[in-house]
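>>> Here is a sequence together with a model predicted from it:
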Amino acid sequence: MEPSRKLPARNDAEPRPPQPTRQVMAAIAEKARVGSLPGLLGDRLFRWSTATLALMVIALLAGFAVVLTMQSRLSLVKFSFRFFTSSNWDPVNEQFGALPFVYGTVMTSAIALLIAVPLSLGSALAMVEMLPQWLATRIGFMVELLAAIPSVVYGLWGIFVLGPWLRDNIDPLLAGYLGFLPIFQGPQLSVSLLTAGVLLSVMIIPYITAVCTEVFRAVPQNQREAALALGATRWEMIRMAVVPYGYSGVVGAIILGLGRALGETIAVAMVIGNRPEIAASLFMPSSTLASAIANEFTEATGDLYLSALVELGLVLMVLAVVLNAAARALVMGVVGQQGERR
Amino acid sequence: MSASTRDSFYLYRKLKSSLMMGLTLVATVLTLLPLIFVLAYLVSKGLSSLNFNFFTHLPKPVGEPGGGMANAIVGTFELVALASLMGVPIGIGAGLYLNEYGGSLSAPARFAADVLIGMPSIVVGIFAYVVVVRPMHGFSALAGGFALGIIMIPLVTRTTEEMVRLVPQELREAALALGVTRWRTTVSIVVRTAAAGIATGVILAIARVAGETAPLLFTAFGNRFWSHGLSEPIASLTVQVYTYAISPFANWQRQAWAGALVLTGIVLALELGVRWITRGRLKPLR
């Protein structure tokens, strides 16, 4: 209320409203007391119940940490650091070294980022800086659809379409021109690190593109105008004003994409060939942390085997938490407090 | 510097700019190509294997032609229903708390929800296995619904919070000024006003979990037959597509394409429907 609008002062000159009798006032007081009690109780109850539900969300995250740590106890105690330095994954003799999976995860994620980052940045820039609004909206919509397709469908497409296509068309090219590198040597298979990496790139492009678009949109218009006023071309404006301003947001978007790539399970499990070996060549099958869990969990006989698989999950969880927290902080820094919503 | 070199430098800069902007267009096209290819293959390979029996028959054993995924389609709906029973109330309640009360819990709860959204779904599967499957001594529809429900909770929490935040403050003040209690204001004014948005968020979360495979592998497990009761393993479209896709049998692989087409159809119909209704007012969660 504006301070100038005060309640009219009591003034005998003004006709006073009829005053309630004593009985009526008592009745009102009674009603207010009776009426307000459930009201206040309801308020308390509602507040506490929603608070409990919010607490459940926190407890859930804590529960993940506790459950996964407890369940991987056997393996944590038995192998400790050797778990990550040994490449010997031998369920029969109960020897578990996760290095092959770490290698597979690192390689597939690296390939995915190598392809996805330039494409996502390019399409985000095109949408924000170049294309007319109506077209950019439609493309943004299609990118969202790309993110909505279930990963098992990507996996199916990867097995029967992408994998064979890469083997027949891309692998020979890479072997021909870059064959001196050990990663492009040896037999060429359709289930391979390369197929998994390329498929992952398709799957994470929508995420990185969407966040980058948002970040570039958050760049103030006067930054662009200043660059243009200094005589910059459109590309120079992007280099001088748009990208530097949104830099940490772009890094956040990439980290978010990396988090997705690390944790993606089914599509990778379908196209990577699932072999717990460190293959030098990208044309060879391998396995990732997530795909190993998907493949072996139901077959895991023995507590130690299961515990080792849960430890793979623990590693994934820690990576996901760290990467997500970092990415969100970075993106929020650019997009601002309304980015808090996400 | 003579005028001509300055001109040629300017020309070079213009050319470079056009080239780079052209490359961003190329990147845009390359980004969208997979969408077209995936959908085209789905339709061409899936439609030919899709027939009426697919929706009404159980899977046939290897070698016998025909059969369908009726149990998997029903199973997916059952699992999603179970997940919603768990994820929707918790998510909406927590989301209301985040925006309407915003006590000391809200910062950690928001952080937890954000991190849970990025949690790899296979990890959720492990969690559900330990918490539900092991105590119940077996794979079950309940465990599958629990795993999917966990994935829904943070999604619904964050969309609810966002939708409720859009409700004008004046509405709350008007209700409170009329003597309406706080909780009635929240339920009858705030939630009513934001109902469409909250429902949208719920549908998007449903679309998301309907396409999940990894958390179901060792919770709901899969079933070649009808599932009688919630404590039995249950089939789902995603797991069925996964099993058939990695099988060596041509007939099963064809069925996998058909299943994938149906699955994608359901998920995209939900997404498209919601996007069309809200027309971009709701930001997707990432």
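Here it is on my side, so go on. Numbering: from 1, shown residues only, chains lettered A, B, ... in the order given.

>>> contacts and neighbour counts: CA atoms only from here.
Fine.

>>> distance between the longest helix belonging to chain B and the chain's centre?
When chain B is parsed with DSSP state H, its longest helix is helix B:3-49. In terms of C-alpha atoms, centre = their mean, to the nearest Å, the centre of helix B:3-49 is set 29 Å apart from its chain centre.

>>> Likewise for stretch B:199-213?
Put simply, stretch B:199-213 sits 4 Å off its chain's centre (C-alpha atoms, centre = their mean).

>>> Can you pull out the residues in contact with that stretch?
A:148-152, A:266, B:76, B:80, B:84, B:88, B:121, B:148, B:151-152, B:155-156, B:159-160, B:238-239, B:242, B:263-264, B:266-268, B:270-271, B:274, B:278 (C-alpha atoms under 8 Å, 6 or more residues apart in numbering or on different chains).

>>> Which of those fall in helices?
Going by DSSP H, the helices hold A:148, A:151-152, A:266, B:76, B:80, B:84, B:88, B:121, B:148, B:151-152, B:155-156, B:159-160, B:238-239, B:242, B:263-264, B:266-268, B:270-271, B:274, B:278 from those.

>>> can you list the weak-confidence ranges in chain B?
In the predicted model of chain B, residues B:1-3, B:279-286 satisfy pLDDT under 70.

>>> Make sure B:E232 is actually in contact with B:S140.
Yes: the criterion here is C-alpha atoms under 8 Å, and B:E232 meets it with B:S140 at 4.5 Å.

>>> So for those two, which sits in the more crowded spot?
Counted by other C-alpha atoms under 10 Å in any protein chain shown, B:E232 and B:S140 do not tie: B:S140 has more neighbours, with 27 against 19.

>>> residues in contact with the more buried one?
Applying C-alpha under 8 Å, 6+ apart to B:S140 gives the contacts B:133, B:219-221, B:230-234.

>>> again, 6 Å this time
With contacts defined as C-alpha atoms under 6 Å, 6 or more residues apart in numbering or on different chains, B:S140 is in contact with B:220, B:231-233.

>>> A:S291 is in contact with A:A269, correct?
Yes: between A:A269 and A:S291 a contact is recorded at 4.6 Å, counting by C-alpha atoms under 6 Å.

>>> For stretch B:25-34, buried residues please.
B:25, B:27-28, B:30-32, B:34 (16 or more other C-alpha atoms under 10 Å in any protein chain shown).

>>> just stretch B:216-223 next, same as before
B:216-223.

>>> Now, those that are in helices?
Going by DSSP H, the helices hold none of these.

>>> Name the spans of chain A whose pLDDT lies under the cut-off.
For chain A, the ranges with pLDDT under 70 are A:1-39, A:336-342.

>>> Residues of it that sit close to chain B?
Contact residues (C-alpha under 6 Å from any C-alpha of the partner chain) of chain A with chain B: A:39, A:43, A:50-51, A:53-54, A:58, A:119, A:122-123, A:126, A:146, A:150, A:153, A:235, A:263, A:266, A:313, A:320-321, A:324, A:341.

>>> any idea which element the closest residue to B:S17 other than its chain neighbours lies in?
Leaving aside its sequence neighbours, B:S17 sits nearest to A:W235 (C-alpha to C-alpha, 6 or more residues apart in numbering or on different chains; 4.7 Å). For A:W235, the element it lies in under DSSP states H and E is helix A:234-237.

>>> after that helix comes which helix or strand?
Per DSSP H and E, the first helix or strand lying C-terminal to helix A:234-237 is helix A:243-263.

>>> tally of neighbours for A:S248?
19.

>>> Let me see the contact set for it.
A:S248 neighbours (C-alpha under 6 Å, 6+ apart): A:L330.

>>> A:W89 against A:G97, yeah?
Yes: A:W89 is within contact range of A:G97, at 5.1 Å (criterion: C-alpha under 6 Å).

>>> Tell me what A:D90 is bridged to.
According to DSSP bridges, the residues that bridge with A:D90 are A:Q95.

>>> Neighbours of it, how many?
12.

>>> just so I have it, where are all the helices in the stretch 101-250 of chain A?
Assignment of helices within the stretch 101-250 of chain A using DSSP state H, counting those that start in this stretch yields the ranges A:133-148, A:151-157, A:163-165, A:171-178, A:193-217, A:221-229, A:234-237, A:243-263.

>>> could you say what helices and strands the first one packs with?
Identification of packing neighbours for helix A:133-148 by 3 or more C-alpha pairs under 6 Å, 6 or more residues apart in numbering or on different chains; DSSP states H and E yields no helix or strand.

>>> now with 10 Å?
helix A:99-125, helix A:193-217, helix B:3-49, helix B:192-210, helix B:250-278 (3 or more C-alpha pairs under 10 Å, 6 or more residues apart in numbering or on different chains; DSSP states H and E).

>>> now, of those helices, which is deepest in the fold?
Ranked by mean neighbour count, the helices and strands packed on helix A:133-148 are led by helix A:193-217 with a mean of 27 (mean count of other C-alpha atoms under 10 Å in any protein chain shown).

>>> Could you tell me the angle between that helix and helix A:99-125?
40 degrees (axes from the mean of the first three to the mean of the last three C-alpha atoms, to 10 degrees).

>>> Now do helix A:193-217 against helix A:171-178, angle only.
Using the same axes, to 10 degrees: helix A:193-217 against helix A:171-178 is 80 degrees.

>>> Taking helix A:133-148 as reference, get the angle to helix A:193-217.
Using the same axes, to 10 degrees: helix A:193-217 against helix A:133-148 is 140 degrees.

>>> show me the contacts for the closest residue in space to A:V117 that isn't next to it in sequence.
Spatially, and ignoring its direct neighbours in sequence, A:V117 is nearest to A:I254 (7.0 Å; C-alpha to C-alpha, 6+ apart). Taking C-alpha atoms under 10 Å, 6 or more residues apart in numbering or on different chains, we find A:I254 in contact with A:113, A:116-117, A:120-121, A:204-205, A:207-209, A:211-212, A:248, A:260, A:323, A:327.
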